[in-house]
Structure formats: structure tokens, C-alpha cells
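all I have is the shape, not the residue letters:
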């Protein structure tokens, strides 16, 4: 889809929180998961910027682990504050998506 990047900016953090909530993971793997989901425009730099923000806001715990492919990797896991942030994201998502669907259905019936 063209020009979806602008729309994604607002929800990408929630997507990254959700991915991290499922299992401890690292930046490159998060990017790959987003790409596999169809978010082809998402690049590692974008994900790493989000991860740095999560660290700064104390939403994740970070552990460095050795990598066979080079320097140690930073693995991320949601802490309690991150879990709460994810819960708030899904509440906001449910509200916004329901209103958008309501608007769409209303327009179709006019």
C-alpha cells in the first residue's frame, strides 16, 4: 500500500510492544516480523529508534547476549510499565478502530 508509512507512525510503537510482549527478542527480529506481516516499509533504523525510546521510558528490560554473527545483541523484554503501555495502546486502538468502522458503515448506508 502506498503512503501507509505516515499512518503507521502512530501505531508502530504499539506493534513493537506487542511483538516484544510475546517473547524476548531483538531489533532485527522485530523488523523481520513486521516485514513478514506486510509492513515492508519498516526498516531497522525505525525499530531501533523506538527501542531506544522504550529504554529511555523504562518500558523494557534489556539484556545483552552473545551472537554468533558479530557483537552481542540487545534482547528486549516488556516490564510491568511496558505491559501497562501495551494495554493502553490496545484500549486506544479499539476505540479509534471502532469509530473509523462506525464512520465507514454510516457513510455506506447514506
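Cool, the structure landed. Please read all numbers here as calculations on a predicted model, not as lab measurements.

just checking, residue 65 is part of a strand?
Yes - assessed with DSSP: H, G, I helix; E, B strand; the rest coil, residue 65 lies in a strand.

ok, the residue nearest the centre of the chain to residue 45 distance?
When CA atoms, centre = their mean is applied to the chain, the residue found nearest the centroid is residue 16 (1.9 Å). According to CB to CB, to the nearest Å, residue 16 and residue 45 sit 13 Å apart. To be clear about C-beta, it is placed using only N, CA and C from the backbone, and glycine gets the same treatment.

coming back round to it: contact partners for the residue nearest to the centre of the chain?
Contact analysis of residue 16 by CB atoms under 8 Å, 6 or more residues apart in numbering lists 30, 34, 47, 50-51, 54.

in this structure, what helix or strand scores lowest on average pLDDT?
Here the helix or strand of the chain ranked lowest by mean pLDDT, DSSP states H and E is helix 4-22, holding a mean of 87.

for that helix, buried residues please.
The neighbour-count check on helix 4-22 (16 or more other CB atoms under 10 Å) flags 8, 12-17, 19-20 as buried.

got JSON lines for those, with distance to residue 98 too?
Listed next are those as JSON lines, based on distance: CB to CB, whole Å:
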{"residue": "8", "distance to residue 98": "20"}
{"residue": "12", "distance to residue 98": "20"}
{"residue": "13", "distance to residue 98": "20"}
{"residue": "14", "distance to residue 98": "16"}
{"residue": "15", "distance to residue 98": "19"}
{"residue": "16", "distance to residue 98": "23"}
{"residue": "17", "distance to residue 98": "20"}
{"residue": "19", "distance to residue 98": "23"}
{"residue": "20", "distance to residue 98": "25"}
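
in the protein, where's the longest helix?
Longest helix in the chain by number of residues (criterion: DSSP state H): helix 80-108.

coming back round to it: which pair in the buried residues of helix 4-22 spans the largest distance?
Within these, two members stand farthest from each other by CB to CB: 8 and 20, at 17.1 Å.
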